[in-house]
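**Q** sequence below, structure please.
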Amino acid sequence: MEKNIEQNSLIKVNEKSLFYKIKRFFMNLFKKNTNYEETQTQSIENIIQDKSKTQKQDFRETIKQVETEETKLLKLQKQFDNGEITEEELSQKQIEDLLNLYNQQINELEKSNNLRKEKILKYKSKMQSV
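**A** Model prediction:
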């Protein structure tokens, strides 16, 4: 049985030979470099992940800050339009803000309507000339 194991085993390496020592030297040299490169890439990946996390947090905070007066005013407008609150329940400032909001929305609608009318007139004049 021992003969079988010896026959099937790999070739024995002479660890005292010069070629073996040179081979080990280069292997150790490159192994150290790969470990160093791996730690470098890991640290770079960690830095990138940290930056992306802070960017996400900053973005979330800016979104939260946007939800200020405009969104509160739009919620108030929706409640007023649905009849959930009456004009008597609103303060004078809230009423003024709502009036300004309504006027702004009316102006925007008038502009968009005028643009649509112009497009329709252009289309109509093209169709008549054909």
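**Q** top helix in this protein by residue count?
**A** Taking DSSP state H as the criterion, the chain has its longest helix at helix 18-66.
**Q** following element in sequence after it, please.
**A** helix 69-82 (DSSP states H and E).
**Q** off-centre distance for that next one?
**A** 29 Å (Cα atoms, centre = their mean, to the nearest Å).
**Q** now the element after that helix, going C-ward?
**A** The first helix or strand that comes after helix 69-82 along the chain, using DSSP H and E, is helix 92-129.
**Q** tally of neighbours for residue 98?
**A** Neighbour count for residue 98, taken as other Cβ atoms under 10 Å: 17. Glycine gets a C-beta too; all of them are placed from N, C-alpha and C.
**Q** roughly how far apart are it and residue 119?
**A** 32 Å (Cβ to Cβ, to the nearest Å).
**Q** what do you get for residue 57?
**A** 44 Å.
**Q** and if you look at residue 73?
**A** Distance from residue 73 to residue 119, by Cβ to Cβ: 31 Å.
**Q** who's more crowded, those two?
**A** Taking neighbours as other Cβ under 10 Å, residue 73 and residue 119 compare with residue 73 leading, 15 against 10.
**Q** surely that one is in contact with residue 99?
**A** No. Taking contacts as Cβ atoms under 8 Å, residue 73 lies outside contact range of residue 99: 11.0 Å.
**Q** in the protein, what helix or strand scores lowest on average pLDDT?
**A** The weakest-scoring helix or strand in the chain, judged by mean pLDDT, DSSP states H and E, is helix 2-8 (a mean of 57).
**Q** residue 124: neighbour count?
**A** Neighbours of residue 124 (other Cβ under 10 Å): 10.
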